[in-house]
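Engineer: give me a model of this one.
(one chain, ligands or ions: 2)
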Amino acid sequence: MKVPPARRFAPWRSPLRGPWLTSVLGTVLLVGLPVVFVTGLLSYAAYDPGLARVNDKTPDKGLLGFYLFSWPTHPYWLYRVNQGVHVTLGIALVPVLLAKLWSVVPKLFALPPVRSLGHALERLSLLLLVGGGLFEFTTGILNTQVDYLFPGSFYPLHFYGAWVFCGAALAHVALKLPSVVRALRSRDLWEELRTPTARTRPEPPDATGLVPMRPSEPTISRRGALGMVGLGSLALLVVTAGQSIGGPLRRAALLAPHGRSPGAGPGAFAVNKPAAAAHIRPQDVGEDWRLTVTGAAGVIRLSLAELHRMAQSTAALPIACVEGWSTDDQHWQGVRLRDLAALVGHGGDPPGVFVESVQRSGSFRAVALSAGQVRDARSLLALRVNGAPLTPDHGYPARVIVPAAPGVMNTKWVGRLTFGASDARERA
Ligand SMILES: Nc1nc2c(c(=O)[nH]1)N[C@H]1C(S)=C(S)[C@@H](COP(=O)(O)O)O[C@H]1N2
Ligand SMILES: [Mo]
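Structural biologist: Ligands and ions are numbered 1, 2, ... in the order given. All right, here's what the predicted structure looks like:
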């Protein structure tokens with residue numbers, strides 16, 4: 001008998017593979033991935049890309065750079081929750097993604113590789129889907145681990161990758177939805193969750209080619225397989241969520257790259273980049289340090305003592321990094337940004353501000369804050385945290401702290417504030 005070529009290479013024999021299992025895993029992704037996608041877009045919006053080129057890490061994005069609103073300052077934990085969900089859910093979905101890929105792997109190696117033009121297009125979309133998905137998860141996880149291994153900058157890669165993945169996923173869902181509905185109806189989930197390995201049977205042969213021709217004996221039930229995936233996700237959730245939920249859960253955040261218990265004392269919260277790593281020299285932030293404030297009325301230079309003589313305000317705010325970790329609320333004390341604006345001719349309704357650090361090395365340069373952020377009474381040029389002067393690593397002598405914004409907006413070792421300018425070129 002002549003064996004048709006499609007069947008000659010058939011090492012995939014798991015009796016669990018079939019449209020039902022694939023559809024269950026796909027449905028979980030269909031619920032979870034849109035949340036990851038939307039929180040990702042919101043994170044992009046939180047950088048206020050419309051404000052200044054320095055805020056936008058993804059140039060040349062054309063239409064994809066649509067962005068509808070200025071990032072709010074309420075509620076103050078907004079970015080902390082957004083990014084916690086984005087990173088934690090993304091990581092927890094990894095076992096589901098891998099299981100889904102495992103469940104369809106025979107199709108990736110199906111022969112002949114291309115049967116028709118339609119089939120060729122479908123396979124191309126799958127390449128974008130699988131490639132885009134693996135790419136997004138890999139770049140995202142490397143970023144949360146502060147491992148910038150890949151070439152180029154994380155932001156444009158992860159941003160463009162997200163759109164490719166999203167487009168391919170939409171096409172995939174549109175194509176597969178009818179067969180997913182059919183497959184989900186073909187077996188009862190609760191019945192399946194009560195079926196032990198001994199009674200596990202392959203799904204009936206189907207047109208999709210997922211069910212093996214010669215299935216091997218089951219070594220695990222569908223319940224066992226789904227349970228393994230679910231437990232994997234749960235375990236990842238437990239070792240990740242604490243880095244953004246904080247409190248006592250922080251100690252469970254084994255995957256968090258930033259110290260689970262960052263020491264003791266007023267400065268005991270995560271440090272993204274220590275002063276030494278940012279090449280902050282003692283003379284940059286010593287006696288001679290002055291804050292240069294520019295506005296419509298001119299330029300003034302303030303010493304630390306002069307800043308301390310101004311009205312001091314307090315705000316309890318977290319730092320929430322794009323990488324997913326965040327601090328609990330810290331008690332900041334310092335001068336309101338809007339009071340500083342008033343000193344240089346912006347008494348009424350303050351404009352946005354361009355913030356520069358004395359830091360000269362590294363990727364960090366400057367950020368622009370919106371008028372809404374300057375106006376908020378909780379936006380400070382902080383001089384103290386938790387009752388003590390800022391530590392060198394947290395930005396001594398002065399750092400910006402803004403409610404609801406990504407950590408990167410909270411410039412440390414501030415040297416210059418320029419009100420009414422959103423860009424270095426404008427200031428010059
Ligand atoms: N000058 C300067 N400010 C900076 C950074 C930096 O590298 N240099 N990192 C930013 C980022 S990405 C974050 S998340 C916060 C972290 O603040 P922390 O180190 O006090 O926790 O500081 C922000 N301010
Ligand atoms: Mo950050």
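
Engineer: C-alpha only now, for contacts and for neighbours.
Structural biologist: Fine.

Engineer: mind checking the end-to-end distance for stretch 317-328?
Structural biologist: With CA to CA, to the nearest Å applied, stretch 317-328 spans 8 Å between its terminal residues.

Engineer: do any residues in that stretch lie close to ligand 2?
Structural biologist: Yes. Using CA under 5 Å from the ion, we find that stretch 317-328 touches ligand 2 at residue 321.

Engineer: ok now that stretch, how far from the chain's centre?
Structural biologist: Remark: stretch 317-328 is offset 11 Å from the chain centroid, using CA atoms, centre = their mean, to the nearest Å.

Engineer: quick one: that stretch near ligand 1?
Structural biologist: Yes. Stretch 317-328 is in contact with ligand 1 by CA under 6 Å from any ligand atom, via residue 321.

Engineer: what does that stretch contact?
Structural biologist: Contacting residues not belonging to stretch 317-328 are listed as 43, 76-77, 79-80, 83-84, 86-88, 143-146, 243-247, 256, 258, 269-270, 329-332, 401-403, 405-408, 410 [CA atoms under 8 Å, 6 or more residues apart in numbering].

Engineer: using PDB, list the CA coordinates for stretch 228-237.
Structural biologist: The C-alpha trace of stretch 228-237 is given here as PDB (Å, rounded to 0.1, in the frame of the first residue of the first chain):
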ATOM      1  CA  MET A 228      -0.700  21.100  34.800                       C
ATOM      2  CA  VAL A 229      -1.000  24.200  32.600                       C
ATOM      3  CA  GLY A 230      -3.300  25.800  35.200                       C
ATOM      4  CA  LEU A 231      -0.900  25.000  38.100                       C
ATOM      5  CA  GLY A 232       2.000  26.300  36.000                       C
ATOM      6  CA  SER A 233       0.100  29.600  35.500                       C
ATOM      7  CA  LEU A 234      -0.800  29.800  39.100                       C
ATOM      8  CA  ALA A 235       2.800  29.200  40.200                       C
ATOM      9  CA  LEU A 236       4.000  32.000  37.900                       C
ATOM     10  CA  LEU A 237       1.200  34.200  39.200                       C
END
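
Engineer: quick revisit: just the buried ones from the contacts of stretch 317-328?
Structural biologist: For the contacts of stretch 317-328, a burial check counting by 16 or more other CA atoms under 10 Å picks out 43, 76-77, 79-80, 83-84, 86-88, 143-144, 243-246, 256, 258, 269-270, 329-332, 401-403, 405-408, 410.

Engineer: how far away is residue 203 from ligand 1?
Structural biologist: 49 Å (CA to the nearest ligand atom, to the nearest Å).

Engineer: tell me how many other residues crowd that residue.
Structural biologist: 19 (other CA atoms under 10 Å).

Engineer: part of a helix, is it?
Structural biologist: No. Counting by DSSP: H, G, I helix; E, B strand; the rest coil, residue 203 is not found in a helix; it is coil.

Engineer: so who does it touch?
Structural biologist: Residue 203 makes contacts with 15, 16, 17, 18, 19, 20, 211, as judged by CA under 8 Å, 6+ apart.

Engineer: doesn't residue 107 make contact with the last one?
Structural biologist: No. Checked against CA atoms under 8 Å, the pair residue 211 and residue 107 is beyond contact range at 10.5 Å.

Engineer: so residue 13 touches residue 218, yeah?
Structural biologist: No. With contact defined as CA under 8 Å, residue 13 does not reach residue 218; the gap is 9.6 Å.

Engineer: in the stretch 101-250 of the chain, which spans are helices?
Structural biologist: Assigned by DSSP state H, counting those that start in this stretch, the stretch 101-250 of the chain shows helices spanning 117-144, 154-186, 189-193, 222-245.

Engineer: possible to save the ones you listed as JSON lines with mean pLDDT and distance to ligand 2?
Structural biologist: JSON lines is the format used below for those (pLDDT from 0 to 100; distance: least, CA to the ion, whole Å):
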{"stretch": "helix 117-144", "mean pLDDT": "92", "distance to ligand 2": "10"}
{"stretch": "helix 154-186", "mean pLDDT": "94", "distance to ligand 2": "12"}
{"stretch": "helix 189-193", "mean pLDDT": "96", "distance to ligand 2": "42"}
{"stretch": "helix 222-245", "mean pLDDT": "97", "distance to ligand 2": "13"}
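
Engineer: point out the most buried one among the ones you listed.
Structural biologist: Most buried of these, by mean neighbour count (mean count of other CA atoms under 10 Å): helix 222-245, with a mean of 19.

Engineer: now do the helix or strand following that helix, average pLDDT.
Structural biologist: Per DSSP states H and E, the first helix or strand lying C-terminal to helix 222-245 is strand 291-295. In this model, strand 291-295 has an average pLDDT of 98.

Engineer: helix or strand next in line after strand 291-295, which one?
Structural biologist: As assigned by DSSP H and E, the chain's next helix or strand after strand 291-295 is strand 298-302.

Engineer: who touches that next one?
Structural biologist: Residues outside strand 298-302 that contact it (CA under 8 Å, 6+ apart) are 290, 291, 292, 293, 294, 344, 345.

Engineer: by neighbours, which of those wins?
Structural biologist: Sorting the contacts of strand 298-302 by how many neighbours each has (other CA under 10 Å) puts residue 294 first, at 24 neighbours.

Engineer: now for that one: which residues touch it?
Structural biologist: Residues counted as contacts of residue 294 (CA under 8 Å, 6+ apart) are 300, 344, 416, 417, 418, 419.

Engineer: show me the two of these that sit farthest apart.
Structural biologist: Largest separation among the contacts of residue 294 by CA to CA: 344 and 416, giving 12.9 Å.

Engineer: and for those two, which residues touch both?
Structural biologist: 293, 294.

Engineer: roughly how far apart are the closest residue to ligand 1 within the stretch 151-300 of the chain and residue 416?
Structural biologist: At 3.4 Å from ligand 1, residue 271 is the closest residue in the stretch 151-300 of the chain, using CA to the nearest ligand atom. As judged by CA to CA, residue 271 and residue 416 stand 22 Å apart.
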